[in-house]
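Trainee: generate coordinates for the sequence data below:
(2 chains)
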Protein chains: 2
Amino acid sequence: MRILALSGSLRRASHNRALIRAAAAELPPTVTLEEWDGLADVPPYDEDADVEPAPYAVERLRDALADADAVLISTPEYNASMPGVLKNALDWASRPFPANALREKPVAVVGASTGLFGAVWAQAETRKVLKAIGADVLEHELPVGLAQDAFGPDGRLVDPDAQARLGAIVQDLVRKASEDVPVAA
Amino acid sequence: MRILALSGSLRRASHNRALIRAAAAELPPTVTLEEWDGLADVPPYDEDADVEPAPYAVERLRDALADADAVLISTPEYNASMPGVLKNALDWASRPFPANALREKPVAVVGASTGLFGAVWAQAETRKVLKAIGADVLEHELPVGLAQDAFGPDGRLVDPDAQARLGAIVQDLVRKASEDVPVAA
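Mentor: This is a model prediction of the structure:
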C-alpha cells in the first residue's frame, strides 16, 4: 500500500515535511509513505491551459495521486488559510471534474505552524476544498502549534499524545484505503 | 487616482476580467482602473526564496500594489474557495509582514462564476485572507452568477441593479482611497 504525502510548505526545513516523516514512523512496513517532490513545478492554473495533454508537472501530479492508495496532506497556515501553492495543485488535481484523480480517494489532513493554533483554519479550508473535489476526506484534525519545538531528535512529536493521535490518523487512512481495495475472489 | 485590479482567473476570456471592465465603466475620468498583467508569472511561494531581493515577478507585484491608491479583486470560485493562483499572489504580497504593500490599502472584492452562486465562498475567503494581511477591506459583496449571460454588448452587466451595485462598490473604494490620501496643508 502506498500513501502519497503533500506538504503545503515548500521550505526545505519545513515543519510540515517533518510532520509527514513523523507520520511515516507510525506505519507498518507494508505501507510506504512518500512525499511528492513536484509541487513547486505545478504551473498556475489557467483554464485556457486545461486541455489534453495537461502541462507535464500536472500530468505527473495526477498520475502520482491516481497511483496512491491514499493521500496525506500536511499544511501550514498562510494569512488565515491554506497556502496558494497547495490550493493551486488541488485546483489542477480537481480537473477533469468529477472524474478526477482524487475522486473517492481517502485523504487525511494535518498541519503544523509556528504559532499557537497549529494551522487549524488552513486544515479546515483544505478539508472543505477536498470535499468539493470529491475526495473521501477523514474528519480528523491534528493542529501542531509552536512547531519549532514540537519535534524530538528521533523525528517524532515530543508530545506523546500528539504522536499517538498522528499514528491513529494514518492508521485510519490505511484502514479506509484497505476497504477501498477490491478483494480478489 | 489609480486602482489596480486583479482577476483570480487567468483565462483570456475570463468573466472576472469582464467584471473588472464593467467596473471601470462606472469610474469618473480622473480615476484609472488597470488590470495587473503579471499574475501568471508569480512563482509558487517558498519561504526559502522569501529574501531580498524577491523574485522579479514578486517585486513587480509589490511595486504595483504599493503604487496603487486602491485595489479591486475579482475572483472566480474553484473547488468552493478562492483560486490557488490568487492566494499564492496574496501570500507573496503579505510579506514582509506586517509592513507589506497591502497594509491599510483599501481593497474591494467582487466575483463572477458560471454557477448560480457567483463565487460567494471565494469572495468571503478572499476578504478573510485580506483582513489577515492587514488590508482595509470593504464589506461589500457582488456575486455575479450565470456569468456567461451576465454581460451585455456594451460590457456592462445586463442586470441594471447589479451594474449599479458594482458602481457603488468602486465609488466607495474611491472614497476610501481619497480619505487615505494625505492632504497638503
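Trainee: beta partners of the most centrally placed residue in chain A?
Mentor: Note on chain A: the residue nearest the mean C-alpha position is residue A:73, at 1.4 Å, using Cα atoms, centre = their mean. For residue A:73, the beta-bridge partners are residue A:6, residue A:109 (DSSP bridges).
Trainee: do I have it right that it meets residue A:4?
Mentor: No. Residue A:73 is not in contact with residue A:4 according to Cβ atoms under 8 Å; the separation is 9.5 Å. For glycine as for every other residue, the C-beta is placed from the backbone atoms N, C-alpha and C.
Trainee: what about residue A:164, how many neighbours?
Mentor: Residues within reach of residue A:164, counting by other Cβ atoms under 10 Å in any protein chain shown, total 12.
Trainee: same question, the one 3 residues further on
Mentor: Around residue A:167 sit 17 other residues, with neighbours defined as other Cβ under 10 Å.
Trainee: what's the distance between the helix or strand encompassing it and the middle of its chain?
Mentor: Assigned by DSSP states H and E, residue A:167 falls within helix A:160-180. Centre-to-centre, helix A:160-180 and its host chain are 13 Å apart (Cα atoms, centre = their mean, to the nearest Å).
Trainee: so which elements touch that helix?
Mentor: Contacts defined by 3 or more Cβ pairs under 8 Å, 6 or more residues apart in numbering or on different chains; DSSP states H and E place helix A:160-180 against strand A:2-7, helix A:15-24, strand A:70-74, strand A:106-112.
Trainee: which residues does the residue nearest to the centre of chain A contact?
Mentor: A:5-6, A:8, A:86, A:107-110, A:126, A:130 (Cβ atoms under 8 Å, 6 or more residues apart in numbering or on different chains).
Trainee: that one and chain B: what is the separation?
Mentor: 14 Å (Cβ to the nearest Cβ, to the nearest Å).
Trainee: same check on residue A:91?
Mentor: Residue A:91 is 5 Å from chain B, by Cβ to the nearest Cβ.
Trainee: and if you look at residue A:81?
Mentor: With Cβ to the nearest Cβ as the criterion, residue A:81 and chain B are 5 Å apart.
Trainee: tell me the residues of chain A that contact chain B?
Mentor: A:9-12, A:14, A:39-40, A:42, A:44-48, A:78-91, A:94, A:125, A:128-129, A:131-133 (Cβ under 8 Å from any Cβ of the partner chain).
Trainee: where does chain A dip in pLDDT?
Mentor: Residue ranges of chain A with pLDDT under 70: A:181-185.
Trainee: same thing but 80
Mentor: Judged by pLDDT under 80, chain A has its weakly predicted residues at A:180-185.
Trainee: who's the closest spatial neighbour of residue A:92, skipping the chain neighbours?
Mentor: residue A:58 (4.8 Å; Cβ to Cβ, 6 or more residues apart in numbering or on different chains).
Trainee: now the helix or strand containing that neighbour, how far from the centre of its chain.
Mentor: Using DSSP H and E, residue A:58 sits within helix A:56-67. Relative to the centre of its chain, helix A:56-67 is centred 14 Å away, using Cα atoms, centre = their mean.
Trainee: pull out the buried positions in that helix.
Mentor: For helix A:56-67, the neighbour count (16 or more other Cβ atoms under 10 Å in any protein chain shown) marks A:57-58, A:60-62, A:64-65 as buried.
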